[in-house]
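J.: Quick one: sequence plus predicted model below, questions after.
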Amino acid sequence: MNSTDTNITHITPSNGNIFEDLGFEPQEASKLKIKAQLMCQISEWIKKEELKQEEASQLLHVTRPRVSDVLRGKSGKFTIDALVDMLERIGKHVSVQVN
C-alpha cells in the first residue's frame, strides 16, 4: 500500500500569464507571452501545412536552424519584430490590442 499523500492542499490561482506565475517581472512576462503566442502560430502553420523544416525556412525567408528554434520554443533567440515578419510572409496578419 502506498502511503504518499495525494490530496491537494493549496492551489495558487493564475493571473492569466504563465510567465508571471513563474516569477518573471510583469514587463518581461508580457513580452514572453507575446513571443510564445507568435511562435505558436508559426509552429501550428508548419504542422498544418505538413512542411519540412527546410521547406518552411524557404517560405519564411530564414535558415532551417531558425525554424528549428521556433519549433523548440527558443523565444530568447527572436525579437517580436522577427516573429511578426515571419507571420506576415506566410499571409498571417498580426494586430495589437492594448488593454
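T.: On my side now, so go ahead. Numbers count the residues shown, from 1 in each chain.
J.: Mind jotting down where the helices sit in the protein?
T.: 18-21, 26-48, 53-60, 64-71, 80-89 (DSSP state H).
J.: Would you format those helices as JSON lines with distance to Val96, mean neighbour count and mean pLDDT included?
T.: Backbone N, C-alpha and C define where each C-beta goes, glycine included. Converted to JSON lines, those look like this (distance: least, Cβ to Cβ, whole Å; neighbours: other Cβ atoms under 10 Å; pLDDT from 0 to 100):
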{"stretch": "helix 18-21", "distance to Val96": "18", "mean neighbour count": "16", "mean pLDDT": "85"}
{"stretch": "helix 26-48", "distance to Val96": "9", "mean neighbour count": "15", "mean pLDDT": "94"}
{"stretch": "helix 53-60", "distance to Val96": "21", "mean neighbour count": "17", "mean pLDDT": "97"}
{"stretch": "helix 64-71", "distance to Val96": "20", "mean neighbour count": "18", "mean pLDDT": "97"}
{"stretch": "helix 80-89", "distance to Val96": "10", "mean neighbour count": "15", "mean pLDDT": "97"}
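J.: could I get these as JSON lines with distance to Asn7?
T.: Formatted as JSON lines, those follow (distance: least, Cβ to Cβ, whole Å):
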{"stretch": "helix 18-21", "distance to Asn7": "22"}
{"stretch": "helix 26-48", "distance to Asn7": "30"}
{"stretch": "helix 53-60", "distance to Asn7": "45"}
{"stretch": "helix 64-71", "distance to Asn7": "38"}
{"stretch": "helix 80-89", "distance to Asn7": "42"}
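J.: Any idea which of those helices gets closest to Asn99?
T.: Of all the helices of the chain, helix 26-48 sits nearest to Asn99, with 10.6 Å by Cβ to Cβ.
J.: so Arg89 touches Leu60, yeah?
T.: Yes. Taking contacts as Cβ atoms under 8 Å, Arg89 lies within contact range of Leu60: 5.6 Å.
J.: Skipping adjacent residues, who's closest to Glu88 in space?
T.: Residue nearest to Glu88 in three dimensions, not counting chain neighbours: Val94, with 7.1 Å by Cβ to Cβ, 6 or more residues apart in numbering.
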